[in-house]
Structures are given as structure tokens and as C-alpha cells.
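Undergrad: From the sequence below, what's the structure:
(one chain, ligands or ions: 1)
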Amino acid sequence: MKIAVLVSGQGSNLQALIDANLSGQIVGVISNKANAYALQRAQTAGIQTAVIEHKDYPSRESFDEVMHQQLLDWEIDLVVLAGFMRILSSSFVQKWHGKMLNIHPSLLPAYKGMHTHQRVLNSGDVYHGCTVHYVTAELDAGPALVQCVLNVQVHDNTDTLAQRVHQLEHFAYPQVVEWICTGTIQHLDNGSVVYRKQLLHKPIQFSQL
Ligand code: GAR
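TA: This next block holds a predicted model:
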């Protein structure tokens with residue numbers, strides 16, 4: 001399976017995927033920011049990179065089309081969003097239906113969008129974590145595959161939560177990608193998900209409580 005990872009920033013999730021020695025091959029990394037540290041991680045690992053800056057394109061659709069062409073050039077089977085901070089057009093999402101994953105720093109459907117750690121603290125929530133899900137046109141709403149849960153501690157702040165959620169992400173994302181590479185997780189045309197030959201009705205949950 002040929003994998004592309006899309007990034008915008010630090011790329012610690014990209015690093016976890018690189019370090020996991022997946023059954024699939026990460027053949028390319030695309031960043032919408034030229035200064036993303038993730039690009040250096042890719043280059044160090046000998047993975048080709050492409051910088052496609054959204055600010056160089058007049059519309060979301062034209063930016064997405066250039067990314068789509070790059071993914072086709074690399075003959076990609078699976079697109080992995082890893083801290084990619086752009087909303088994708090519905091036509092792009094449709095083209096990669098069932099072949100694109102995202103990781104989000106909350107227990108979806110709670111806290112879609114940005115600033116999840118702050119919002120968890122503001123609400124006084126006891127639980128927090130991350131979700132790996134297939135990407136659909138609606139933001140942060142596609143079928144969830146895995147959730148990792150942690151217990152929010154009294155001394156937690158946004159920095160400690162970000163760090164603790166990252167730890168969970170670095171476990172969850174390589175696991176899900178490997179399951180897809182090996183066929184343990186399959187996406188059906190009707191949008192449902194099969195895990196170990198059974199329909200997946202709710203995300204597989206790991207907890208660090
Ligand atoms: C991760 O926490 C990821 O869940 C989040 O950005 C961070 C990227 O970290 N993604 C989103 O918020 C997407 N909506 P990284 O660059 O170190 O992998």
C-alpha cells in the first residue's frame with residue numbers, strides 16, 4: 001500500500017508513522033507550509049516531499065486539485081492527514097472517499113475544530129483523548145475507527161494535555177494505518193467499516209485511565 005502523509009506543522013505523528021515500520025510504504029509527504037518541521041523529518045527518513053502552499057492558489061478547489069494530481073503522480077492508495085490544518089473541498093474528499101484518514105485531538109463527536117484542549121479544560125471534562133477517523137465532507141465527522149482516552153488531571157493545562165494526547169496519537173495512528181495496510185480494517189463502498197471481518201459500530205477504544 002502506497003501512503004502519502006499530509007502535514008502542516010511539527011510532524012510528530014508523521015515521525016510515529018515513520019518509526020512504526022509499517023507494512024505499507026510512505027512514498028511522499030505533502031505540506032501546505034514551506035517551513036513545516038515535518039518536511040525535515042521526511043527528508044531525514046529519505047521520503048520525497050512536495051510543498052503546495054495554499055496561499056499560492058486562488059481557491060480551495062484549485063489548491064486541492066494540485067494536491068490531487070501529486071497524489072495521483074505518486075500512485076497513492078491511502079492519504080493520511082497528520083496535523084494538516086486545511087479544510088478540504090468536498091470534491092477532493094469525494095475523490096479519496098474511503099482512502100483518507102485524519103487524527104483529531106478530541107473524543108469525537110465532542111470538540112470538532114480547533115483549540116480542543118482549552119475547550120476540554122473550560123468544560124471541566126473528566127475524559128479527553130484522540131480519534132482516528134475516515135475523512136468525509138463534513139468536518140471531523142467521518143466514521144471513527146479508534147479512540148484513545150485519558151483522564152484529565154487537576155494539574156493539567158493546555159500544554160500537558162497536548163503532550164499527553166500526542167502520546168496517545170503516536171500509539172493510535174500507526175496502529176490504525178497498519179490495520180488498513182494488512183486488511184484488518186476495510187472500508188466498504190456504502191461507507192461502513194469492517195474490523196476483523198465484523199462491522200464496526202463504534203470506535204475501538206484504548207484507555208490510559
Ligand atoms: C495533532 O495533535 C493532531 O491531532 C492535530 O494537530 C496535531 C499535529 O501534531 N490535528 C488537528 O487538530 C486536525 N484538526 P503533529 O504535527 O506533531 O503531528
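Undergrad: neighbours around the closest residue to the ligand within the chain, how many?
TA: Residue of the chain nearest the ligand, by CB to the nearest ligand atom: residue 83 (2.6 Å). The C-beta positions use only the backbone N, C-alpha and C, and glycine is treated the same way. Number of residues near residue 83 (other CB atoms under 10 Å) recorded here: 22.
Undergrad: Residue 85 too?
TA: So residue 85, with other CB under 10 Å, has 14 neighbours.
Undergrad: again with residue 80
TA: Look at residue 80: counted by other CB under 10 Å, it has 28 neighbours.
Undergrad: Check residue 198 too.
TA: Close neighbours of residue 198, defined as other CB under 10 Å, add up to 8.
Undergrad: Residue 185 versus that one, what's the distance?
TA: 11 Å (CB to CB, to the nearest Å).
Undergrad: what packs against whichever strand or helix holds residue 169?
TA: Residue 169 is part of helix 158-181 when elements are defined by DSSP states H and E. Packing partners of helix 158-181 (3 or more CB pairs under 8 Å, 6 or more residues apart in numbering; DSSP states H and E): helix 12-19, strand 78-81, strand 100-104, helix 116-123, strand 127-134, strand 144-151, strand 185-187, strand 204-208.
Undergrad: in the protein, what spans have low per-residue confidence?
TA: Scanning the chain for pLDDT under 70 picks out the ranges 209.
Undergrad: Which positions in this structure make contact with the ligand?
TA: 9-13, 82-83, 103-105, 130, 166, 169 (CB under 6 Å from any ligand atom).
Undergrad: Let me have the helices and strands packed on helix 158-181 in JSON lines, adding distance to residue 194 as columns.
TA: Formatted as JSON lines, these follow (distance: least, CB to CB, whole Å):
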{"stretch": "helix 12-19", "distance to residue 194": "22"}
{"stretch": "strand 78-81", "distance to residue 194": "16"}
{"stretch": "strand 100-104", "distance to residue 194": "15"}
{"stretch": "helix 116-123", "distance to residue 194": "29"}
{"stretch": "strand 127-134", "distance to residue 194": "12"}
{"stretch": "strand 144-151", "distance to residue 194": "11"}
{"stretch": "strand 185-187", "distance to residue 194": "4"}
{"stretch": "strand 204-208", "distance to residue 194": "12"}
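Undergrad: what comes into contact with stretch 159-169?
TA: 12-13, 16, 103, 105, 117, 120-121, 128-130, 148-150, 152-153, 156, 206, 208 (CB atoms under 8 Å, 6 or more residues apart in numbering).
Undergrad: Which entries within those residues meet the buried criterion?
TA: Taking 16 or more other CB atoms under 10 Å as the criterion, what is buried in those is 12-13, 16, 103, 105, 117, 120-121, 128-130, 148-150, 152, 156, 206.
Undergrad: so who does the residue lying closest to residue 107 once chain neighbours are set aside touch?
TA: Leaving aside its sequence neighbours, residue 107 sits nearest to residue 129 (CB to CB, 6 or more residues apart in numbering; 4.9 Å). Residues in contact with residue 129 (CB under 8 Å, 6+ apart) are 106-107, 147-150, 165, 168.
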